[in-house]
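>>> Take this sequence and fold it.
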Amino acid sequence: MSRKTAQRKHDLTADSAQKELVKLIQSFSYGHHLHTVFSDFVEMSALAISNSADRAQFEAREKRYLEIAGKYKREEVERFPQMLGLLIESFEQRVGVIRKETAVGLPVSGGLTDVLGETYMMLGLGNDRAGQFFTPYSVSRMMSMMLIGDVGAEVERRGFLRVHEPACGAGGMVIAAADSILAAGHNFQQVMHATCIDIDPCCVHMTYVQLSLLHIPATIVHGNALSMEVWGTWYTPAHILGGWTFKLRRRLEADLLRATVAAEREPEVEQAGTSPAWSEGPVLAETEPSDLTVLEREPLQVATPTSTASRDAMSLADLFEQSLSSGARERTVFDTIDQLTLF
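So this is what the prediction gives:
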């Protein structure tokens, strides 16, 4: 999408809060480059949100926040919380439309949108030489409606949906997935978890801010999905408060257990030369492992899977989560209690 096209779209579709947000960002143009102002705005917003929930990274991120604020005059610093307030207001207006539609029994028409991504492109901040173009939200939503599938069946079978975005940009595709899940009659805040990856720190911060404001459980990774390098991680408040670290670990362990048992049974099937009764349905459909069975497995089997079946069962998001936890000490119940003292 060119800047002129983004400008025309902004003029037609932006709400009042989004228009005021753009004007406030542009007010810095007399003394600062707009890209620097926008990047600092989303990073400071991300740091403020993270420090309200993620105690483990508080000190380093508070230091970074003060470092960014030191670049601006006092009256300029005061505009940043105003800009965050306008972004929150923009999302509140859109969520308000959805609530009205739901209250009168109308189908949800897709009230959410990628506010920061649209603003970024409208201001002409995209890097054309690096091939950085954000997908228009209407296209993202169309793709999500085509790919999301039967939400109810997946939630019934596995408890929740996982969304993986290896080049997340501003998080528009994940927001579109949440929009589609909501249109299907489910609360995306409860039945979806997203793992988002991007090499650009500004994109990481945009995604983190927007998914946090929508209370979407997510892990946002500043890293390279091709080389599997990781430079930083951001956990949304919904991820921390909802205990999603435990939920994801338990699901991964269950997936690895299914894959391992299935791999062990394959030689028996080949040797017998007959198809067992369970091969006609889902693997372990009648022998689903209990939570107790899963939790009693050694953590090493999850952290360093060696069998082909185990590796095949792990998704890109699982591999990134493995790289994040490798070398770090295991979180204890005392860490969890300490984390919750903020609330």
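>>> In the chain, where is pLDDT below threshold?
1-13, 101, 103-110, 127-133, 267-343 (pLDDT under 70).
>>> the domain parsing of the chain - what is it?
In the assignment given by automatic domain parsing, the structural domains of the chain cover 3-242, 245-340.
>>> so residue 68 touches residue 45, yeah?
No - between residue 68 and residue 45 there is no contact under C-beta atoms under 8 Å: 10.7 Å. (C-beta placed from N, C-alpha, C; glycine too.)
>>> who's more crowded, these two?
residue 45 (25 against 16; other C-beta atoms under 10 Å).
>>> So what touches the helix or strand hosting that one?
Remark: residue 45 resides in helix 34-51, with elements defined by DSSP states H and E. Under the criterion C-beta atoms under 8 Å, 6 or more residues apart in numbering, residues 25-26, 28-29, 57-58, 61-62, 64-65, 68-69, 71-72, 80, 83-84, 87, 116, 119-120, 123, 125, 201-202, 204-206, 208-209, 212, 234-235, 237 lie in contact with helix 34-51.
>>> Report the buried residues of it.
For helix 34-51, the neighbour count (16 or more other C-beta atoms under 10 Å) marks 37-51 as buried.
>>> Can you name the element that comes right after that helix?
helix 58-69.
>>> Ramachandran coordinates for residue 230?
With angles defined as degrees, to the nearest 10, residue 230 sits at phi -130, psi 130.
>>> Test my guess that it contacts residue 222.
Yes - judged on C-beta under 8 Å, residue 230 makes contact with residue 222 at a distance of 7.4 Å.
>>> Who has more neighbours out of those two?
Each of residue 230 and residue 222 has its neighbours counted (other C-beta under 10 Å); residue 222 has more, 20 against 16.
>>> these two touch, right, that one and residue 201?
Yes - taking contacts as C-beta under 8 Å, residue 222 lies within contact range of residue 201: 5.6 Å.
>>> shared neighbours of these two, anything?
residue 232.
>>> one step back: just the buried subset of the contacts of helix 34-51, please.
Here, 16+ other C-beta under 10 Å leaves 25, 28, 57, 61, 64-65, 68, 72, 80, 83-84, 87, 116, 119-120, 123, 125, 202, 204-206, 208-209, 212, 234-235, 237 buried among those.
>>> elements contacting the longest helix along the chain?
Secondary structure of the chain per DSSP state H: the longest helix is helix 244-272. Counting by 3 or more C-beta pairs under 8 Å, 6 or more residues apart in numbering; DSSP states H and E, the packing neighbours recorded for helix 244-272 are strand 192-198, helix 291-295, helix 299-303, helix 308-313, helix 316-325.
>>> State the number of residues packed around residue 53.
18.
>>> need the contact list for it.
235, 236, 237, 240, 241, 342.
>>> cool, residue 97 as well?
Taking C-beta under 8 Å, 6+ apart, we find residue 97 in contact with residue 111.
>>> and it, which of the three is it?
The three-state label given to residue 97 by DSSP: H, G, I helix; E, B strand; the rest coil is helix.
>>> Please renumber the chain so that the first residue is 705 from this point on.
Understood, numbering begins at 705; the last thing we discussed is residue 801.
>>> Going by residue numbers, what spans are strands in the stretch 755-904 of the chain?
865-869, 896-902 (DSSP state E, counting those that start in this stretch).
>>> which residues touch the first one?
So that's strand 865-869. With contact meaning C-beta under 8 Å, 6+ apart, strand 865-869 is reached by 852, 855, 858-859, 875, 877-878, 881, 885, 895-901, 1019-1021.
>>> Mind doing that once more with 7 Å?
With contacts defined as C-beta atoms under 7 Å, 6 or more residues apart in numbering, strand 865-869 is touched by 855, 858-859, 877-878, 881, 895-901, 1019-1021.
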